[in-house]
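In: How does the following fold in three dimensions:
(2 chains)
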2 protein chains.
Amino acid sequence: MNHPLSRLAIHTMTNKPWSLRECCDAYAKAGVGGVSVWRNVIEPIGIEEASRIVGDSGLKVPALVRGGFFVSRDEAKRNASIGENKKCIDEAAALDAEMVVLVVGAEVGVPLHEARKQVADGIAKCLDHAASNHVKLAIEPLHPMYAADRSCINRMADARYICEQLKSPWIGIAADVFHVWWDPDLASEIARAGRHGTLFGFHVCDWKPVMSDMLNDRGLMGEGAIDIASIRADVERAGFEGMIEVEVFSSHHWSRNQHEFLADILRAYQNHC
Amino acid sequence: MNHPLSRLAIHTMTNKPWSLRECCDAYAKAGVGGVSVWRNVIEPIGIEEASRIVGDSGLKVPALVRGGFFVSRDEAKRNASIGENKKCIDEAAALDAEMVVLVVGAEVGVPLHEARKQVADGIAKCLDHAASNHVKLAIEPLHPMYAADRSCINRMADARYICEQLKSPWIGIAADVFHVWWDPDLASEIARAGRHGTLFGFHVCDWKPVMSDMLNDRGLMGEGAIDIASIRADVERAGFEGMIEVEVFSSHHWSRNQHEFLADILRAYQNHC
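Out: Numbers count the residues shown, from 1 in each chain, chains lettered A, B, ... in the order given. Now for the predicted structure:
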């Protein structure tokens, strides 16, 4: 299909063995258009140095990853999460990132309906800070297999309910094919998010039917069951003009030579997205 | 809560190391009311012997497990699945089982919307045989993590769409908490299934947030994140009067002394359902 690489962004976590500088150097040299920055690569160098590296690379930054984790039985922890999310927003502003991706949280013992309320409350408390920093907040619905401990928001529709409650141009959705591909309502929810102006992000990787591990055995595009091109077509029809972000967690691919893996990512992007 | 054990049924697969006779002997002796029979325990002894064992035990048989697997790119395989499902229905009739549980199937390369059509078509071809044998067919929605290779029906709502298409008193739904607990529409769909007369089965086990394996690391009730008692209350409010079926796939529990495990099952049923 030969999509231009200028539309492609890669999450630093995809090349986990690399530092932020190694990621930015390699992506820029390959002609990739953007980098989504995970906080673990900022932590060892600080936000000023991170901002300089990203700025010098010329790469766009669709997303800082990740904020969220609003859910807890413990009110002090819920309050602490607000401060942490504001810090995330500050870092995103420093990187000139378009959005902070929110993994909203879940906790065994907090009923899902209660957890979803905590998420809406938590995001509401961050919205002014997001607006004044011109940083969008993107709820990433996670696959239902993470509903117990990572995210009580598991479908596009559930992210939409939160957006509808909060009514702010700064809250929207990051749709990751790994999490949402199975949803019978996916196409209609993508179209709806397009109409509402809430389709902030689009992440790609693939779903391997047999995974050795529920977290770190994602497939590169083309290695699994997802018809990514068809979902991308829905996303484009919905008016999405953002970057296509590759986010692959894979112990297998992390153990490889990362330059060879990057070459595979570029090929997979051009052939399967 | 001290639910009477007469309402409890156990799936033979829960005590996988046991033969059908060992299961029936132990369950009857413990005062358990029913057994759901998996085909792998019939296979070595034949359906006549199986039927005799179950009949002699005095146990009720909510379900024969499992039929389905209607999805394939290959038309010959799809046709073969109809014959196999009719054989399942015959076996269920021989065991005086109330229903056949359907794991409907999925296949990498068959788009989900096409797979769902194949499922409706496949079930439609089995309904007359089910009716004439007085055996219900229960679609079991499987967790979305099995959407690529086991079941293209992943929510109560999606099972309902099939029931609505087929309009037969012989097609309904088996709700397994492991698969559906995360669904924000669960309570409303259970109520709806109750009103429509399609709530045929109710299976319990638990969801461990960290699983060593996506298939065979289910928790016993109380070992995980699911508020089973709350879902059971929804099911009872919906008018369900069937048995509560314990279905646990667990390499860990299979490696234990099965009499000790059975004692744990009874306790877990009484404390967490």
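
In: residue boundaries of the strands in the stretch 51-200 of chain A?
Out: Secondary structure of the stretch 51-200 of chain A (DSSP state E, counting those that start in this stretch): strands at A:63-68, A:99-103, A:136-139, A:171-176, A:199-204.

In: Now render those as JSON lines, adding distance to residue A:230 and mean pLDDT.
Out: Any C-beta I mention is one placed from the backbone N, CA and C, and that applies to glycine too. Shown next, in JSON lines, are the strands of the stretch 51-200 of chain A (distance: least, Cβ to Cβ, whole Å; pLDDT from 0 to 100):
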{"stretch": "strand A:63-68", "distance to residue A:230": "23", "mean pLDDT": "98"}
{"stretch": "strand A:99-103", "distance to residue A:230": "23", "mean pLDDT": "98"}
{"stretch": "strand A:136-139", "distance to residue A:230": "22", "mean pLDDT": "98"}
{"stretch": "strand A:171-176", "distance to residue A:230": "13", "mean pLDDT": "98"}
{"stretch": "strand A:199-204", "distance to residue A:230": "12", "mean pLDDT": "98"}
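
In: Export those to a markdown table and append columns for distance to chain B and mean neighbour count.
Out: Shown next, in a markdown table, are these (distance: least, Cβ to the nearest Cβ, whole Å; neighbours: other Cβ atoms under 10 Å in any protein chain shown):
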| stretch | distance to chain B | mean neighbour count |
| --- | --- | --- |
| strand A:63-68 | 17 | 28 |
| strand A:99-103 | 15 | 26 |
| strand A:136-139 | 14 | 28 |
| strand A:171-176 | 14 | 26 |
| strand A:199-204 | 16 | 26 |
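
In: Check the offset of the helix or strand residue A:37 falls within from the chain's centre.
Out: Element membership of residue A:37 [criterion: DSSP states H and E] is strand A:34-38. Distance of strand A:34-38 from the chain centroid (Cα atoms, centre = their mean, to the nearest Å) equals 10 Å.

In: do the same with stretch A:145-161
Out: 14 Å.

In: tell me how far the ends of it are from each other?
Out: Taking Cα to Cα, to the nearest Å, stretch A:145-161 runs 20 Å from one end to the other.

In: Could you pull up the mean pLDDT of that stretch?
Out: The average pLDDT for stretch A:145-161 rounds to 98.

In: now do stretch A:241-259
Out: What stretch A:241-259 shows for mean pLDDT is 98.

In: do it and chain B meet?
Out: No: judged by Cβ under 8 Å from any Cβ of the partner chain, stretch A:241-259 and chain B are separated, with a smallest distance of 14.9 Å.

In: Now do the helices in chain A.
Out: Along chain A, counting by DSSP state H, helices occupy A:20-30, A:39-42, A:47-57, A:75-94, A:112-132, A:156-166, A:177-180, A:186-196, A:228-237, A:251-254, A:258-272.

In: For chain A, what lies in contact range of chain B?
Out: Contacts of chain A with chain B, taken as Cβ under 8 Å from any Cβ, map to A:108, A:111-113, A:116, A:143-145, A:147-149, A:154-155, A:157-158, A:181-184, A:207, A:209-211, A:214, A:224-225, A:227, A:230.

In: gap between residue A:194 and chain B?
Out: 20 Å (Cβ to the nearest Cβ, to the nearest Å).

In: again, but for residue A:37
Out: Noted for residue A:37: a distance of 27 Å to chain B, by Cβ to the nearest Cβ.

In: Show the contacting residues for that residue.
Out: Residue A:37 is in contact with A:12, A:20, A:50, A:54, A:61, A:63-65, A:95, A:97, counting by Cβ atoms under 8 Å, 6 or more residues apart in numbering or on different chains.

In: Now rank the residues you listed by neighbours and give me the top one.
Out: When neighbours are counted by other Cβ atoms under 10 Å in any protein chain shown, residue A:63 leads those with 31 neighbours.

In: I'd guessed it sits against residue A:100; true?
Out: Yes: Residue A:63 is within contact range of residue A:100, at 7.0 Å (criterion: Cβ atoms under 8 Å).

In: Can you tell me which of the residues of chain A next to chain B are buried?
Out: Burial by neighbour count, 16 or more other Cβ atoms under 10 Å in any protein chain shown: within these this picks out A:112, A:116, A:143-145, A:147-149, A:154-155, A:157-158, A:181-184, A:207, A:209, A:211, A:214, A:224-225.

In: how about CSV for the strands of the stretch 51-200 of chain A, with distance to residue B:44 added?
Out: Shown next, in CSV, are the strands of the stretch 51-200 of chain A (distance: least, Cβ to Cβ, whole Å):
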stretch, distance to residue B:44
strand A:63-68, 51
strand A:99-103, 48
strand A:136-139, 51
strand A:171-176, 45
strand A:199-204, 47
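
In: Output stretch A:203-222 as CSV, nothing but the C-alphas.
Out: Extracted C-alpha coordinates of stretch A:203-222, given in CSV (Å, rounded to 0.1, in the frame of the first residue of the first chain):
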residue,chain,number,x,y,z
HIS,A,203,-2.5,2.6,17.6
VAL,A,204,-1.6,-0.5,15.6
CYS,A,205,0.0,-3.9,16.3
ASP,A,206,-1.5,-7.4,15.9
TRP,A,207,-3.3,-10.1,18.0
LYS,A,208,-1.7,-13.5,18.1
PRO,A,209,-4.4,-16.1,18.8
VAL,A,210,-2.0,-18.0,21.1
MET,A,211,0.0,-15.7,23.3
SER,A,212,2.7,-16.9,25.7
ASP,A,213,1.9,-14.1,28.0
MET,A,214,-1.1,-11.7,28.3
LEU,A,215,1.1,-8.6,28.3
ASN,A,216,4.2,-8.9,26.3
ASP,A,217,3.5,-11.1,23.4
ARG,A,218,1.8,-8.8,21.0
GLY,A,219,2.3,-9.3,17.3
LEU,A,220,3.8,-7.0,14.7
MET,A,221,1.2,-6.0,12.1
GLY,A,222,0.6,-9.0,9.9
